[in-house]
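Student: coordinates only, no sequence provided:
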């Protein structure tokens, strides 16, 4: 029996649709992306290494990864809370709030960037209350964290919401009938159900935060060694026509984000198997 | 599973009742506080700052020639990137959901790639291909074609960044709907195109619109990728978000926020459209 | 129109759905393809319709080779298991669809389309529902619309895929009879797929029983029920009791079937009080008496083999025997069927 590429079907249009898609995908996505790989391969290994180990680059990686991590964690906590309230409680204008959750997705990053900056500078609406306490947000790494939390929240909320709303009421009732307190039911039953979604949401927020540019560069202040994020360094290198330097930094970031996305995939697959076994 | 809301606020049947009232109130207030803090305040700040110098200054900022060419360029970009990605989205969804072939899952994963790439890198890759030192750099130079630091580059980068939106939405929807109706149409004597226009398109129209709205909103607001390939040439290669940056860096805050408010209005409209179309799509599944 | 299916085979990946299947359907017949899931009946139906392409074999429609022609060219009417009504079109537009998509030269005028659709609506008794959308109809109504839609293009053969599968028992029975009457009126050759043997036997002119991609037997309902070709057919068409001993001691008619299995239907078992025993008879204990219904069902347990037997006796016989749980009875298999060892 020959193994064919495609199962025969009476529906028309496969080859035109397929070839157009592959062509378009290759031209717009695959070929340009491969430029990163090819460029890094063509540069000398030492130059690559020197670039990515330069002190300001390392500092930028540390900031990008660190701030993304912290922002991701904050997003998980706050996002879970918001998702919980949205799914399980009622309050006026709930659908408005639910729609607002998507705002960071919809708002252009530059707009978010300048808005957040204006809020957290020393005479900003929020900054003015923090200044007397000695807390500075704008132009510090904390500003970066705030911006990254803004864009990361919706990922967590939208990952957790469906899982919470699908959660079988009967599980909680069973736990209660077996004598569990409300807190125990939460920590032992509900939380475990939601944990994979929290992981996914965290990973998505983290991956997005790593590469985020527009929301961050206004509030960060872009001070070398302190508040420069990795994407900014790529831009700087490009402005200096140091293509291979820019590529080197980009390569590291690409590997990181694809690694994370792969991780999410594996977690999701593992969960599905785990859940199906029940 | 649904908890039915009864008329009196705070008195809900079902699971919610099992949490003590103070827990419910407390958590709700905390959640609303965070939403207010993280989401509502920034949005409000945009509009307040935009009008900080009064209506006249706002109108000036909006009608300024540079603003107008930024609007024009943004619209042009959307006008090219969105239809191209929509055509791709329909083609890819058709191939992927109605047929079984080797590598189908790989194709679906590949479509998601632009989501995982930082905006700045999305611009970088086009610089590497078309920039002065890029693969085609010398050739383009000879023929006096400018892609990077010119409009074509902006359109390309925007196309890349908004690539998956329509495709993903359609793939999810069409996967759900199955192929029965198309088969029925063919057996009844419809030609391929008749089947597509009379059966497939009407069934996916809300999902399609939803994907297009997402794609458009992102295309209008894209900053990082466009920033890299633009040249920031005022009046020529600035989209609206880039224009916001320029005004801001010149300390023209009210001007920057005025332009930002335009983008925010579009963002809010797209959110409303999204909600509406989400509701419509859920009826079609 | 007649349909001739010859040596059709079909695989999906490594799964063999049909193995060398041949079948002839005469003009105007109503044939049922009966079998459990996975037997290949739906695949065969779809291949006849032109919705799937066979790996090997031929299809002839009215003596003409149709193997390579498209579904459109074959002029078949197909009714899908889940109706596949066009969800964004009204009932009227659904039925008119086949007429509307005809090329301009073959398309009837709008007035004529309207007439034909209204006639069909009357036929399916849904005249007042023309403006409704499919999601406003019940399952039974949707099924009838799907049928009308298929009939609107005056197909040469009508193919139905588990037409009543998703419906309530009562609705199923009604629609079943309605389909038979419709067929008698229209005289269109029809093939329908089902896993319900009662349905197949009640409605069709002939039944083709399928299992694992092969046709086990073809015949009229009476034929396949009275003379099943093998154990599979016999078991599929009704409840069975199995007798695993040497044929003679169970009074079978083939004395040389060593190690064969004997089959009997519940109503073919004779139940006697133990006092009327003869030697070598089968003794069983009454485990359960189901006395509500047109016949009395007994569940009996044989001590010697540990097998369970289901018997059906008339209510008069039950009254005569005065059986209760725990009683010992003798069981005779009046007409034991043997198919050879399994």
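Tutor: Great, that's in hand. Here the structure is a predicted model, which means the values were calculated and not measured.

Student: pLDDT weak spots in the chain?
Tutor: All of this refers to chain A. A:1-3, A:275-278 (pLDDT under 70).

Student: could you do chain C instead?
Tutor: Applying pLDDT under 70 to chain C flags the ranges C:245-259, C:275-280, C:340-342.

Student: chain A contacts on that one?
Tutor: Residues of chain C lying close to chain A (Cβ under 8 Å from any Cβ of the partner chain) are C:11-12, C:50-53, C:70-71. No exception for glycine: its C-beta is placed from N, CA and C like everyone else's.

Student: switch the cut-off to 6 Å
Tutor: By Cβ under 6 Å from any Cβ of the partner chain, the residues of chain C that approach chain A are C:51, C:53, C:71.

Student: just those now: which is nearest chain B?
Tutor: residue C:71 (4.7 Å; Cβ to the nearest Cβ).

Student: the closest one: neighbouring residues, count only.
Tutor: 21 (other Cβ atoms under 10 Å in any protein chain shown).

Student: ok, residue A:132 next?
Tutor: For residue A:132, the neighbour count with other Cβ under 10 Å is 8.

Student: repeat that for the one 4 residues further on.
Tutor: Other residues within reach of residue A:136, judged by other Cβ under 10 Å, total 15.

Student: follow-up on the earlier one: mind listing which of the residues of chain C next to chain A are in helices?
Tutor: residue C:71 (DSSP state H).

Student: stretch C:48-68: how far from the chain's middle?
Tutor: Centre-to-centre, stretch C:48-68 and its host chain are 23 Å apart (Cα atoms, centre = their mean, to the nearest Å).

Student: ends of it, how far apart?
Tutor: Start-to-end span of stretch C:48-68 (Cα to Cα, to the nearest Å) is 11 Å.

Student: what comes up buried for that stretch?
Tutor: Going by neighbour count (16 or more other Cβ atoms under 10 Å in any protein chain shown), the buried part of stretch C:48-68 is C:48-52, C:54-55, C:57, C:59, C:61, C:66-67.

Student: from the stretch 1-150 of chain C, which residue is nearest to chain A?
Tutor: For the stretch 1-150 of chain C and chain A, the shortest gap (Cβ to the nearest Cβ) falls at residue C:53, measuring 4.9 Å.

Student: give the contact list for that residue.
Tutor: Residue C:53 makes contact with residue A:8, according to Cβ atoms under 6 Å, 6 or more residues apart in numbering or on different chains.

Student: which residues of chain B lie near chain C?
Tutor: Residues of chain B lying near chain C (Cβ under 6 Å from any Cβ): B:180-181, B:183-184, B:186-190, B:194, B:199, B:202.

Student: let's see that with 10 Å instead.
Tutor: Counting by Cβ under 10 Å from any Cβ of the partner chain, the positions of chain B adjacent to chain C are B:100, B:177-192, B:194-195, B:198-199, B:201-203, B:205, B:283-284.

Student: identify the residue nearest residue A:31 in space, chain neighbours excluded?
Tutor: Distances taken as Cβ to Cβ, 6 or more residues apart in numbering or on different chains place residue B:129 nearest to residue A:31, at 7.1 Å, with adjacent residues excluded.

Student: that neighbour and residue B:123 touch, don't they?
Tutor: No - assessed by Cβ atoms under 10 Å, residue B:129 is found out of contact with residue B:123, at 11.2 Å.

Student: name the residues contacting each of these two.
Tutor: A:32, B:148, B:153, B:156 (Cβ atoms under 10 Å, 6 or more residues apart in numbering or on different chains).

Student: name the element the residue nearest to residue A:22 when sequence neighbours are not counted belongs to?
Tutor: Distances taken as Cβ to Cβ, 6+ apart put residue B:107 closest to residue A:22, at 7.7 Å, once the chain neighbours are dropped. In this assignment (DSSP states H and E), residue B:107 forms part of helix B:104-111.

Student: is the helix or strand following that helix positioned near chain A?
Tutor: Using DSSP H and E, the helix or strand that follows helix B:104-111 in sequence is helix B:113-116. Yes - contact of helix B:113-116 with chain A (Cβ under 10 Å from any Cβ) involves B:113-116.

Student: next one: helix B:113-116 to chain centre, how far?
Tutor: 13 Å.

Student: hmm, who's touching it?
Tutor: If you take Cβ under 10 Å, 6+ apart as the criterion, helix B:113-116 is touched by A:25, A:28-30, A:33, A:204, A:207-208, A:210-211, A:254, A:257-262, A:264, B:122, B:159-165, B:168, B:225.

Student: may I see the buried residues of the helix ranked longest in chain B?
Tutor: Taking DSSP H as the criterion, chain B has its longest helix at helix B:65-98. Within helix B:65-98, the residues scored as buried using 16+ other Cβ under 10 Å are B:66-67, B:69-71, B:73-74, B:77-78, B:80-82, B:84-86, B:88-98.

Student: could you do stretch C:303-316 as well?
Tutor: Applying 16+ other Cβ under 10 Å to stretch C:303-316 flags C:307, C:309-313 as buried.

Student: touching, residue C:192 and residue C:159? I think so.
Tutor: Yes - with contact defined as Cβ under 10 Å, residue C:192 reaches residue C:159; the gap is 7.4 Å.

Student: give me the common contacts of the two.
Tutor: C:33, C:45, C:79.

Student: which ones among those map onto helices?
Tutor: Of those, the ones assigned to helices by DSSP H are residue C:45.

Student: now do stretch C:37-44: distance from first to last residue.
Tutor: For stretch C:37-44, the end-to-end distance is 13 Å (Cα to Cα).

Student: residue closest to the middle of the chain?
Tutor: Defaulting to chain A. Chain A has residue A:205 as the residue nearest its centroid, 2.3 Å off, counting by Cα atoms, centre = their mean.

Student: wrong one, I was asking about chain C
Tutor: residue C:200 (3.2 Å).

Student: helix, strand or coil: sort out it for me.
Tutor: helix (DSSP: H, G, I helix; E, B strand; the rest coil).

Student: that one against residue C:218, yeah?
Tutor: No - using Cβ under 10 Å, residue C:200 makes no contact with residue C:218, being 11.8 Å away.

Student: what's the overlap in contacts for those two?
Tutor: What both residue C:200 and residue C:218 touch, as defined by Cβ under 10 Å, 6+ apart, is the set C:31, C:33, C:206-209, C:224.

Student: counting neighbours, which of those residues comes out on top?
Tutor: Neighbour max across those (other Cβ under 10 Å) = residue C:33, 30 neighbours.
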